[in-house]
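Colleague: Sequence first, then the predicted structure, then my questions.
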Amino acid sequence: MNTGTAGAASGRNGGAAVRLEAVDKVYSTEKIETVALSHVNLEIASGEFVAVMGPSGSGKSTLLNVLGLLDAPTTGRIVLDGETVTDLGDRRLAALRNREIGFIFQSFHLIADLDALDNVQIPLLYRPLSSRERRERAETALGRLGLTARMHHYPTQLSGGQQQRVAIARAIVGGPRLLLADEPTGNLDSKMGEDVMRILEEYNRDAGVTVVMVTHDQRLAERTGRIVRLFDGRQVH
Amino acid sequence: MIRHVFKLMWKRKRSTGLILCEILICFLVLCGILATGIAFTKSWLKPLGFDYENVWSAAIQGMQFDAKGDQLAADRRALSAALRAVQAMTEVEAAAVSTNTPYSNSSWIDGTRIGGKPARCLWTLTSPDLPRVLRMRLLHGRWIEATDGALSYEPVVLSRSLARDLFGTEDPIGRDMPVFNEEGEPVDPKEEAEIRRVVGVMDDYRRRGMLEETAYTMFIAVDFDGGERFPQELLIRVRPGTTAAFEEKLVRTLRSAAPQWSYDTTRIESRRRTMQMSMIGPLLLAAIVAAFLIATVGLGLVGVLWLGVTRRTSELGLRRAMGASAPSVRRQILGELWALTAVAVAAGAAIFLQLPLLGVDFGAGWWVFLGGATSAALVMYAFVTVCGLYPAWLASRVQPAAALQHE
Ligand SMILES: Nc1ncnc2c1ncn2[C@@H]1O[C@H](COP(=O)(O)OP(=O)(O)O)[C@@H](O)[C@H]1O
Ligand SMILES: [Mg+2]
């Protein structure tokens, strides 16, 4: 596997292609069963920028989690770059998440007790790198997002937009080929949202990284290559 | 990763402080217990310097300690007669009178100074057959003899440790025992009324085994002709195979030789057992208290770690999402605990090792403290690892997706 020594800034070999085949996701608790995804077939090509839209509770986050190998589908198959990953073991899945996939969340999910630089280094902790290398890569990623002056700030000392940019730096620091963003602008005002959108677009265009973004914002969605709509866990066309 | 772990610990010092204190206290208790254990073991492994099997004690009841005049003369004669009568018994291999007998609670102690510091030394007044009774080994020179009373000086025999610490590498034979005035300054022994001169060196006599606090003994001959103080106890070695009926016969023999006294007879072996039992009680109690404390700390530790894991669900899920495998999350939780233990152990060792530096070493060497601290650190590591296993397992079960919905 290419280790992507070019670091944060560039994706490798363009983006990943990912395919969901007849994916169902059912959450069962003692009393209720929730069908979060129902028979989803979705093919995303390498280097595509896809927006996912749909009302609240329609399964958008679930779709992203399944795509990102955070959650296994109840039935169906996931094919990442031609490899069926549905039945892989925990270690292998963790390694794929670590190397191939970057996540951006609506509420940033930064660790409050770590400064920006340490937060960005988290994905690199699970790679065989020297601490100096980790640090340098994280600095590069933060630099690319215009946060060099904020490296030693803790999340509470940063604005929402800055926090989301730290989170983006963390998502791209390992050079992923698939970037998954779950309402990345949902907690930001339109100006900051626009910044984040531009960064994603740039990253998709310059590094050829595949981006899947959940959004409620029709105008942002229209700037992507394709919109996938969900309703009650089903794809609507 | 280690730096990462320490950074997190530092930022969370409020919650880690509690765990740190628990580990620290536990570590200190363990240090104490294990250092004591090491000191006892070390003492246990050291030769006693005598053999207590087949030895009886007959303690004299009713003998005046500070008798004078006619009474003193009568006591001298009676004690000597009693000793001779016992020595004449067919079952008896050897017999002696002595102070500081094995596993006895009473001690005759003399204060002296060694290397400028006050030291205690067993002042063992005895008769010539003591080495045969207790099978003690003479290392140099000679043992005390019945005719020693006729000499112009008082011959003394020293235990090896005492001879070494008083005279160093020089030959102690023929040297005079140092004398000190009340201020502790050395005085020329020649100016004293009676000079004590070293005539022999014996193996160390650890008469109470593990409980003997000094290896310093000075043996001095009882003077049956002109002495003023006498031991009130006889030690008797019987031939192997001597039956229990001997005890009654011994008392009868003593009664007929010196009827003014009564006698309390025991086997040294049983005295030894009694003394060991009396020690085991408090030791057991201390061990139970310590075990209880450690168990409490262990439960507390599991609880705090468990709580920590549930509080950190989203952080752990995030790490999983970013590529941490379940084993690496488990390692992180244990690693944090180990790092914390390292801090607590370092602080605890720094405290504990002050004791010997301040001179509070209870007669054990500083290496006993070091050994105690080292073994306590090892035990502590094993202990926290066991405590951390379940919380670490819980942490590794945190699902990457579920954690992120925790908001
Ligand atoms: N861990 C879970 N356990 C049970 N139900 C869940 C879980 N996660 C999501 N759901 C349910 O699945 C459905 C889809 O949720 P989600 O994918 O979060 O929707 P969206 O992101 O589109 O708002 C919802 O009905 C939600 O309540
Ligand atoms: Mg959602």
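Modeller: All right, it came through fine. Ligands and ions are numbered 1, 2, ... in the order given.

Colleague: Report the rounded mean pLDDT for stretch B:165-172.
Modeller: The average pLDDT for stretch B:165-172 rounds to 91.

Colleague: go on, stretch B:188-206?
Modeller: 87.

Colleague: same check, this time on stretch A:189-201
Modeller: On average, the pLDDT along stretch A:189-201 is 91.

Colleague: so how far is it off the chain centroid?
Modeller: Here stretch A:189-201 is found 15 Å from its chain centre; the criterion is CA atoms, centre = their mean, to the nearest Å.

Colleague: tell me which residues in it are buried?
Modeller: Residues of stretch A:189-201 classed as buried by neighbour count (16 or more other CB atoms under 10 Å in any protein chain shown): A:M192, A:G193, A:E194, A:D195, A:V196, A:M197, A:I199, A:L200, A:E201. Placement of C-beta: from N, CA and C, glycine included.

Colleague: ok, the residue of the stretch 251-400 of chain B found nearest chain A - how many residues close by?
Modeller: For the stretch 251-400 of chain B and chain A, the shortest gap (CB to the nearest CB) falls at B:G323, measuring 2.3 Å. Applying the criterion other CB atoms under 10 Å in any protein chain shown, we find 25 residues in the vicinity of B:G323.

Colleague: gap between it and ligand 1?
Modeller: When CB to the nearest ligand atom, to the nearest Å is the yardstick, B:G323 and ligand 1 sit 21 Å from each other.

Colleague: Would you mind naming what in chain A lies close to chain B?
Modeller: Proximity of chain A to chain B is confined to A:61, A:65, A:68, A:70-71, A:90-91, A:94-95, A:97-99, A:103, A:105, A:107, A:109, A:111, A:113-114, A:118, A:121-123, A:125-127, A:131, A:170, A:174 under the rule CB under 8 Å from any CB of the partner chain.

Colleague: Quick check: phi and psi at B:N54.
Modeller: Its backbone dihedrals place B:N54 at phi 60, psi 30, with angles given as degrees, to the nearest 10.

Colleague: ok, now which ones touch it?
Modeller: With contacts defined as CB atoms under 8 Å, 6 or more residues apart in numbering or on different chains, B:N54 is in contact with B:E93, B:R237, B:V238, B:R239, B:P240, B:T242.

Colleague: cutoff 10 Å now
Modeller: When the contact criterion is CB atoms under 10 Å, 6 or more residues apart in numbering or on different chains, the partners of B:N54 are B:91, B:93, B:133, B:135, B:236-242, B:267-269.

Colleague: packing partners for the helix or strand containing A:R205?
Modeller: For A:R205, the enclosing helix or strand under DSSP states H and E is helix A:190-207. With contacts defined as 3 or more CB pairs under 10 Å, 6 or more residues apart in numbering or on different chains; DSSP states H and E, the secondary structure elements packing on helix A:190-207 are strand A:49-53, strand A:101-104, helix A:131-144, helix A:160-172, strand A:178-182, strand A:210-214, helix A:218-222.

Colleague: Quick one: name the residues of chain B near chain A.
Modeller: Applying the criterion CB under 10 Å from any CB of the partner chain, the portion of chain B that neighbours chain A consists of B:1-5, B:7-12, B:312, B:314-315, B:317-329, B:332, B:396, B:399-405, B:407.

Colleague: Thought A:I227 was touching A:K60, still the case?
Modeller: No. Contact between A:K60 and A:I227 fails when scored by CB atoms under 10 Å: they sit 11.8 Å apart.

Colleague: State the three-state secondary structure for B:A382.
Modeller: Each residue gets one of three states, and B:A382 gets helix by DSSP: H, G, I helix; E, B strand; the rest coil.

Colleague: Just the buried residues of the residues of chain B next to chain A.
Modeller: Among the residues of chain B next to chain A, the ones that count as buried by 16+ other CB under 10 Å are B:4-5, B:8-9, B:11-12, B:312, B:314-315, B:317-326, B:328-329, B:332, B:396, B:399-404.

Colleague: Mind listing what's buried along the longest strand seen in chain B?
Modeller: With DSSP state E setting the assignment, residue counts place strand B:117-126 as the longest strand in chain B. For strand B:117-126, the neighbour count (16+ other CB under 10 Å) marks B:C121, B:L122, B:W123, B:T124, B:L125, B:T126 as buried.

Colleague: For chain B, just list every one of the strands.
Modeller: Ranges of strands in chain B, per DSSP E, are B:55-61, B:92-97, B:109-114, B:117-126, B:138-141, B:154-159, B:179-180, B:186-187, B:196-202, B:217-221, B:233-238, B:262-267.

Colleague: angle of the fourth one against strand B:217-221?
Modeller: To tie it back to what came earlier, the one meant is strand B:117-126. Relative orientation of strand B:117-126 with respect to strand B:217-221: 40 degrees, computed using axes from the mean of the first three to the mean of the last three CA atoms, to 10 degrees.

Colleague: Please state the offset of strand B:117-126 from the chain centre?
Modeller: Relative to its parent chain, strand B:117-126 has a centroid offset of 18 Å by CA atoms, centre = their mean.

Colleague: got the angle between it and strand B:92-97?
Modeller: Using the same axes, to 10 degrees, strand B:117-126 lies at 130 degrees relative to strand B:92-97.

Colleague: which secondary structure elements does strand B:117-126 contact?
Modeller: Applying 3+ CB pairs under 10 Å, 6+ apart, one finds that strand B:117-126 contacts strand B:92-97, strand B:109-114, helix B:130-134, strand B:154-159, helix B:160-167, strand B:217-221.

Colleague: Turn these into a markdown table, columns for distance to ligand 1 and mean neighbour count.
Modeller: Output for those, formatted as a markdown table (distance: least, CB to the nearest ligand atom, whole Å; neighbours: other CB atoms under 10 Å in any protein chain shown):
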| stretch | distance to ligand 1 | mean neighbour count |
| --- | --- | --- |
| strand B:92-97 | 87 | 22 |
| strand B:109-114 | 77 | 14 |
| helix B:130-134 | 80 | 22 |
| strand B:154-159 | 78 | 24 |
| helix B:160-167 | 74 | 21 |
| strand B:217-221 | 79 | 24 |
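
Colleague: mean pLDDT lowest for which of these?
Modeller: Note on the helices and strands packed on strand B:117-126: lowest mean pLDDT is at strand B:109-114, with a mean of 85.

Colleague: List the neighbouring strands of that one plus their orientation.
Modeller: Within its sheet, and counting by DSSP bridges, strand B:109-114 is paired with strand B:117-126 (antiparallel).

Colleague: Export the partner strand to PDB, keeping only CA atoms.
Modeller: As requested, C-alpha coordinates have been extracted for strand B:117-126 and formatted as PDB (Å, rounded to 0.1, in the frame of the first residue of the first chain):
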ATOM      1  CA  LYS B 117      27.300   5.700  68.200                       C
ATOM      2  CA  PRO B 118      25.500   4.000  71.100                       C
ATOM      3  CA  ALA B 119      24.900   0.300  70.600                       C
ATOM      4  CA  ARG B 120      23.300  -2.400  72.500                       C
ATOM      5  CA  CYS B 121      25.100  -5.700  73.200                       C
ATOM      6  CA  LEU B 122      23.800  -8.800  74.900                       C
ATOM      7  CA  TRP B 123      25.700  -9.300  78.100                       C
ATOM      8  CA  THR B 124      25.700 -13.000  78.400                       C
ATOM      9  CA  LEU B 125      27.000 -14.400  81.700                       C
ATOM     10  CA  THR B 126      27.500 -18.100  81.400                       C
END
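
Colleague: Next up, the contacts around residue 226.
Modeller: Answering for chain A, as no chain was given. Contacts were defined as CB under 10 Å, 6+ apart; by that measure A:R226 touches A:I44, A:A45, A:E48, A:F49, A:V50, A:A51, A:V52, A:V212.

Colleague: nope, chain B
Modeller: Going by CB under 10 Å, 6+ apart, B:G226 touches B:L72, B:A73, B:R76, B:G149.

Colleague: quick one on the thing from earlier: can you tell me which of the contacts of B:N54 are buried?
Modeller: Neighbour counting over these (16+ other CB under 10 Å) leaves B:E91, B:E93, B:V133, B:R135, B:I236, B:R237, B:V238, B:T242, B:R267, B:I268 as the buried ones.

Colleague: if I look at the residue lying farthest from the centre of chain A, how far off is A:I111?
Modeller: Among the C-alpha atoms of chain A, the one farthest from their average position, using CA atoms, centre = their mean, is that of A:K31, at 31.9 Å. Between A:K31 and A:I111 the computed distance is 34 Å (CB to CB, to the nearest Å).
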